[in-house]
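fold the stuff below for me.
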Amino acid sequence: MTRHAVWLCALLALASPVGAQRGPRLEIALPPQQALLRDGPTVRGVNMLDDSQLRDLLRNGFPARFTFRVELWSASGVFNNLQASTTWDIIVRYDPLARTYQVIRISADRATALGTYADPAEAAEAVGVAVRAPLNAPSRARYYYNAVLDVEVLSLSDLDELERWLRGELRPAIRRPQKTGTALTRGIRTLVVRLLGGTKRHYEARTGTFSG
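Numbers count the residues shown, from 1 in each chain. Below is the predicted model:
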């Protein structure tokens with residue numbers, strides 16, 4: 001191997017860890033050791049709007065839904081067991097007239113506006129802002145957290161129903177008692193989601209095993 005080839009391989013080896021950190025990804029971090037039995041992990045999405053195809057669809061009127069799910073698993077025994085989980089959604093819509101992105105969080109039967117942004121990078125920060133998951137290890141045993149993020153693009157008909165829901169027109173139906181799930185998450189998840197080709201994204205991250 002020539003000296004130039006060796007130099008090129010070394011350069012690529014040094015550059016690859018940096019490149020691996022670019023692009024959309026999901027991160028999860030444990031609380032400090034003294035808070036493992038009290039606090040849940042911190043979850044954040046990074047560079048969630050770096051996907052050019054997703055940005056193009058947003059600008060053409062297709063809203064995106066980011067579904068975050070965090071799970072607490074016990075790691076004792078032969079099989080791992082799911083102990084608890086929590087889920088929330090982030091909806092991103094683009095207003096072509098105002099040229100702004102609206103970011104909305106849906107969690108625990110409540111929709112919260114996170115802001116309106118002209119810069120897609122600022123909208124991406126709102127989507128991926130760090131959230132402390134409301135889960136904590138119940139006892140001194142071995143556990144780990146697993147985080148999942150699914151990104152979907154909603155159809156235009158879904159947008160109409162989403163608009164109605166956000167205006168409150170569907171609240172009487174949503175407030176009826178449900179057997180499983182929260183009223184709001186059930187209302188959002190009953191939207192007829194048609195995935196457009198190649199627009200579904202899936203990310204996962206997990207912590208190491210810890211003892212409370």
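
relative to the lengthiest strand in the chain, what are the paired strands and their orientations?
Longest strand in the chain, counting residues (DSSP state E): strand 81-95. Sheet pairing of strand 81-95 (DSSP bridges) gives strand 64-74 (antiparallel), strand 100-107 (antiparallel).

so which of those strands is nearest residue 146?
Nearest to residue 146 among these is strand 64-74 (4.7 Å), distances taken as CB to CB. C-beta coordinates here come from the backbone N, C-alpha and C atoms, glycine included.

CA atoms of the closest one as CSV?
Provided in CSV are the C-alpha atoms of strand 64-74 (Å, rounded to 0.1, in the frame of the first residue of the first chain):
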residue,chain,number,x,y,z
ALA,A,64,-45.5,14.9,10.1
ARG,A,65,-46.1,13.0,13.3
PHE,A,66,-43.2,12.0,15.6
THR,A,67,-44.3,9.3,18.1
PHE,A,68,-41.9,8.9,21.0
ARG,A,69,-42.2,5.8,23.2
VAL,A,70,-40.1,5.1,26.3
GLU,A,71,-40.1,1.7,28.0
LEU,A,72,-38.8,0.5,31.3
TRP,A,73,-37.5,-3.1,31.2
SER,A,74,-36.4,-5.4,34.0
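
now the helices for the chain?
3-20, 52-59, 120-127, 156-167, 171-174, 183-189 (DSSP state H).

quick one: the third one to strand 100-107, angle?
Using axes from the mean of the first three to the mean of the last three CA atoms, to 10 degrees, the inter-axis angle of helix 120-127 relative to strand 100-107 is 10 degrees.

how about the contacts made by the nearest residue to residue 39 once chain neighbours are set aside?
Nearest residue to residue 39, sequence neighbours excluded (CB to CB, 6 or more residues apart in numbering): residue 31, at 4.0 Å. Residues near residue 31 by CB atoms under 8 Å, 6 or more residues apart in numbering: 38, 39, 40, 41, 42.

first-to-last residue distance for stretch 72-84?
5 Å (CA to CA, to the nearest Å).

low-confidence ranges, this protein, go.
1-21, 77, 155-199, 212 (pLDDT under 70).

export the strands paired with strand 81-95 to TSV and tack on mean neighbour count?
Formatted as TSV, the strands paired with strand 81-95 follow (neighbours: other CB atoms under 10 Å):
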stretch	mean neighbour count
strand 64-74	21
strand 100-107	20
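
got CSV for those, with distance to residue 137 too?
Formatted as CSV, those follow (distance: least, CB to CB, whole Å):
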stretch, distance to residue 137
strand 64-74, 7
strand 100-107, 21
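
before we move on, back to that, buried subset of the contacts of residue 31?
39, 40, 41, 42 (16 or more other CB atoms under 10 Å).

tell me the contacts of the first one?
Yep, that's residue 39 we're talking about. 31, 132, 136.

among the residues you listed, find me the one that's closest to residue 85.
Checking the contacts of residue 39 one by one against residue 85 (CB to CB), the nearest turns out to be residue 136, at 12.8 Å.

give me the number of residues near the residue lying closest to residue 129 once chain neighbours are set aside?
Leaving aside its sequence neighbours, residue 129 sits nearest to residue 44 (CB to CB, 6+ apart; 6.7 Å). Counted with other CB atoms under 10 Å, the neighbours of residue 44 add up to 20.
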